[in-house]
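Peer 1: Okay, sequence plus prediction incoming.
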There are 2 protein chains.
Amino acid sequence: MINKLVIFGVGLIGGSLALALREANYCKTVVGCSRNIQNLDKAVELGVIDSYSLDPVEAVKGADMILLAVPMGAMASVLASIHGHLEPGAVVTDAGSAKGSVVLAAKSVFGTIPDYFVPAHPIAGREKSGVEAAIVDLYVDHKVIVTPLPETSAEAELKVTEMWQAAGAKVESMDVETHDQVLAATSHLPHVVAYSLVDTLSKSDASDAIFQYAAGGFRDFTRIASSDPTMWRDICLENRDAILTSLEELQENLQTLHEQISSSDSDGIMKTFTHAKSVRDAYMKNQS
Amino acid sequence: MINKLVIFGVGLIGGSLALALREANYCKTVVGCSRNIQNLDKAVELGVIDSYSLDPVEAVKGADMILLAVPMGAMASVLASIHGHLEPGAVVTDAGSAKGSVVLAAKSVFGTIPDYFVPAHPIAGREKSGVEAAIVDLYVDHKVIVTPLPETSAEAELKVTEMWQAAGAKVESMDVETHDQVLAATSHLPHVVAYSLVDTLSKSDASDAIFQYAAGGFRDFTRIASSDPTMWRDICLENRDAILTSLEELQENLQTLHEQISSSDSDGIMKTFTHAKSVRDAYMKNQS
């Protein structure tokens, strides 16, 4: 149970958690905090939060759980604004898509990692964003990865785990580096490639005809290129090293395929395609 | 109206056309021809074809329309098997995903392009293949691109156009080179990239964790990596030059993004992502 939850950045991610915890009666009070009054008014109107404060110090008074659901570039400044003002026993967690950069932000603000700091990442989203897009069941059966540090107390980790479980999520634990590598490969890299493919085709000589004749496979393949550019730009900056590693592996693989196609290496192409299909089919089987 | 349609290769593509034309009463007789008796028996059983012949010369006797729906690597040998045995006025068309290579095959067999030869490409498919996957409405509201050559007679082109229209398709005309370039960009390249991405991730150190945590965006992005490897290997071989051109353009674009991410070039990344999103959103708007 949480007494007072403070959410910095009441959008899709923070708002959906608030809705779920209120529905589950897991939380006495939910308080929003940001600099956007209009958005906070809307969040109260929609029944997502009970009230709000524009002052971070005021907001965290009496709070036992603080969630940072702001863009990743804003994590450090929010942490700095509440540093020294937290109640004893209060837990701080976040919802950023990359964890290494949040840990760096925490280190830069606190000097060392406080035992009450629990980096986490809910793997859920919608194409829409903002508090109007918040839904009560966004996290049901979705994974939330917590990435506790050696400094993190078991008690703080448990509180964050139980909070996400109360919202219906399946919580798993992973170290920061593995998280960032896995997310770079499965989520960040596909987004970069989808944006790059659409950008490439739009610059082609036959661009008009290309988009006129693109069919179903293309639609699915490029769906993620309709995602929010600001968010994905930030992710590229915040998880840079892991994304570059994954991207380089893909670039090498594409270069090998280029050589195989170029030399009509039928067996080489077939081997790659067959292997990929079997891996992808096995993945889908495990999902169902 | 068609009197006798002969389909070489009675699978998803040829079988679905047969079903649609029979349903529309557009065709008096549909005869299948291949070397696979079991498959042809199945096609008769399913009511896809009226009868079959294992002998190409026998099959095309009295036929006014011949469809080649065999793998692209088999086009030349089928054309050679019927060369000199066609009825006067008979039209020959195909359903291959690349058109330049079919034209080359026809030239190699006939010396010059006959006026009754109409290369075409129905842009439709399912994840399943084979005659059991054939459905009557596969082509309804789907595009079929015909790529007539200077040698092709207007009459032959019209017959092929009307046949596909009778199956519910929207028929459009395009030159061979544009077709191959457009399909390379919108279909062939995305398949190559999807196979390559899955292959790359399967070889990563964190491969197990990667496939365990891959979520919705990944599923859509890699769906086409579950396609038939043999078919896509053939397409890579048959549309090699256009695919390589598209692939090289993508490789350059990815390299630019690599440099932008590597140097934390926030504006550069943002420009690419924003442009791609706007192009993709405009594409989806035109689709609906």
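Peer 2: Structure received.
Peer 1: now for whichever strand or helix holds residue A:155, which elements pack on it?
Peer 2: Using DSSP states H and E, residue A:155 sits within helix A:154-166. Counting contacts by 3 or more Cβ pairs under 8 Å, 6 or more residues apart in numbering or on different chains; DSSP states H and E, helix A:154-166 is packed against strand A:2-8, helix A:12-23, strand A:65-68, strand A:91-94, strand A:117-118, strand A:120-122, strand A:143-146, strand A:170-173. Just so you know, the C-beta spots here come from the backbone N, C-alpha and C atoms, and that holds for glycine as well.
Peer 1: Verify the assumption that residue A:112 is located in a helix.
Peer 2: No - applying DSSP: H, G, I helix; E, B strand; the rest coil, one finds residue A:112 to be coil, outside a helix.
Peer 1: I'd like to know how far it sits from residue B:224.
Peer 2: 47 Å (Cβ to Cβ, to the nearest Å).
Peer 1: Those two: which has the busier surroundings?
Peer 2: residue B:224 (24 against 10; other Cβ atoms under 10 Å in any protein chain shown).
Peer 1: Show me the domain layout of chain A.
Peer 2: A:2-173, A:178-287 (automatic domain parsing).
Peer 1: With mean pLDDT as extra columns, can I get the ones you listed in JSON lines?
Peer 2: Shown next, in JSON lines, are these (pLDDT from 0 to 100):
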{"stretch": "domain A:2-173", "mean pLDDT": "96"}
{"stretch": "domain A:178-287", "mean pLDDT": "93"}
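Peer 1: Export these to JSON lines and append columns for distance to residue B:156.
Peer 2: Shown next, in JSON lines, are those (distance: least, Cβ to Cβ, whole Å):
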{"stretch": "domain A:2-173", "distance to residue B:156": "46"}
{"stretch": "domain A:178-287", "distance to residue B:156": "23"}
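Peer 1: those helices in the stretch 151-288 of chain A, which residues are they?
Peer 2: In the stretch 151-288 of chain A, the helices defined using DSSP state H, counting those that start in this stretch lie at A:154-166, A:176-183, A:189-202, A:207-213, A:216-221, A:229-238, A:240-262, A:266-287.
Peer 1: I'd say residue A:62 and residue A:87 touch.
Peer 2: Yes - using Cβ atoms under 8 Å, residue A:62 is in contact with residue A:87, at 6.3 Å.
Peer 1: wouldn't residue A:68 be in contact with residue A:80 here?
Peer 2: No - look at residue A:68 against residue A:80 with Cβ under 8 Å: they stay out of range, at 11.7 Å.
Peer 1: Please identify every residue contacting each of the two.
Peer 2: Taking Cβ atoms under 8 Å, 6 or more residues apart in numbering or on different chains as the contact rule, residue A:68 and residue A:80 touch no residue in common.
Peer 1: Looking at these two, which one has more neighbours?
Peer 2: residue A:68 (26 against 14).
Peer 1: Report the contact partners of that one.
Peer 2: A:8-9, A:75, A:78-79, A:92-96, A:102.
Peer 1: again with residue A:107
Peer 2: Per Cβ under 8 Å, 6+ apart, neighbours of residue A:107: residue A:113.
Peer 1: Spit out the contact partners of the residue nearest the centre of chain A.
Peer 2: The residue lying closest to the centre of chain A (Cα atoms, centre = their mean) is residue A:97, at 3.1 Å. Residue A:97 makes contact with A:72, A:121, A:183, A:187-188, A:231, A:235, A:238-239, according to Cβ under 8 Å, 6+ apart.
Peer 1: Rebuild those residues as JSON lines, extending it with distance to residue A:252.
Peer 2: Below are the contacts of residue A:97 laid out as JSON lines (distance: Cβ to Cβ, whole Å):
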{"residue": "A:72", "distance to residue A:252": "28"}
{"residue": "A:121", "distance to residue A:252": "28"}
{"residue": "A:183", "distance to residue A:252": "21"}
{"residue": "A:187", "distance to residue A:252": "20"}
{"residue": "A:188", "distance to residue A:252": "18"}
{"residue": "A:231", "distance to residue A:252": "28"}
{"residue": "A:235", "distance to residue A:252": "22"}
{"residue": "A:238", "distance to residue A:252": "24"}
{"residue": "A:239", "distance to residue A:252": "20"}
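Peer 1: tell me which of these is nearest to chain B?
Peer 2: residue A:187 (6.1 Å; Cβ to the nearest Cβ).
Peer 1: Name all residues that make contact with the nearest residue in space to that closest one that is not next to it in sequence.
Peer 2: With sequence-adjacent residues excluded and distances taken as Cβ to Cβ, 6 or more residues apart in numbering or on different chains, residue A:187 is closest to residue B:217, at 6.1 Å. Residue B:217 makes contact with A:187, A:190-191, A:223-224 under the criterion Cβ under 8 Å, 6+ apart.
Peer 1: Where does the stretch 1-150 of chain A get nearest to chain B, residue-wise?
Peer 2: residue A:123 (5.2 Å).
Peer 1: For chain B, see how far away residue A:265 is.
Peer 2: 9 Å (Cβ to the nearest Cβ, to the nearest Å).
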